[in-house]
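Peer 1: quick one, what's the 3D model for this:
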Amino acid sequence: MQIYIYLLVGAVALGAVPTAVVIFAAFAIRKKVSGMNSDNGSDRSHPLVIGTILSIRETGMTVHLPGRSAFSPECALTVGFTTREGQAVTAVGEALIAMVAIPQFQPGCTVPLRYDPANPANIRIVLDASPYELQQAQYR
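Peer 2: Okay, here's the model as predicted:
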């Protein structure tokens, strides 16, 4: 919600013409900040599994999140994982990663993710899973 306030103040300061551009950017940033790769990507009913990072690259987008002193780059992570049904999947998910945390997201490291059982290639990198959820995912 704070992002919208910052963008609204910026829109008022810039004038009426750029306001549409700022509003469009607000919705794009909201989608990226929430980590959604699809309309139902934030659904907690989707299975949580642990995947292995195969590669990482920057998408070119950076976002300044409230409470952080630096911009966070959006990174595309290619991840390999096994579904609960035993299917091996390689998929790409995007996430905003703090600059100081980038060393934790290198090839060979593990990352929690949710996948759509109907389309396992549709994943969402989960950076806010509870310790309980992570423990459950690790032992499945």
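Peer 1: quick check: buried residues in stretch 129-140?
Peer 2: In terms of neighbour count (16 or more other C-beta atoms under 10 Å), stretch 129-140 has its buried residues at Ala129, Ala137. C-betas here are computed from N, CA, C, even on glycine.
Peer 1: with stretch 45-55 instead?
Peer 2: Those would be His46, Leu48, Val49, Ile50, Gly51, Ile53, for stretch 45-55 by 16+ other C-beta under 10 Å.
Peer 1: pLDDT at the fifth one, what is it?
Peer 2: Per-residue confidence at Gly51 stands at 96 (pLDDT).
Peer 1: do Ile123 as well
Peer 2: 96.
Peer 1: nearest to Asn122, of the buried residues of stretch 45-55?
Peer 2: Nearest to Asn122 among those: His46, at 9.0 Å, using C-beta to C-beta.
Peer 1: phi and psi next, for the closest one.
Peer 2: phi -70, psi 140 (degrees, to the nearest 10).
Peer 1: okay, and which of the buried residues of stretch 45-55 map to helices?
Peer 2: In helices, defined here by DSSP state H, there are no members of the buried residues of stretch 45-55.
Peer 1: report the residue ranges of every domain in the chain.
Peer 2: 1-34, 38-138 (automatic domain parsing).
Peer 1: and the residue lying closest to Arg44 once chain neighbours are set aside, how far is that from Ile50?
Peer 2: Excluding the flanking residues, the one nearest Arg44 by C-beta to C-beta, 6 or more residues apart in numbering is Arg114, at 7.8 Å. Using C-beta to C-beta, to the nearest Å, we find Arg114 at a distance of 11 Å from Ile50.
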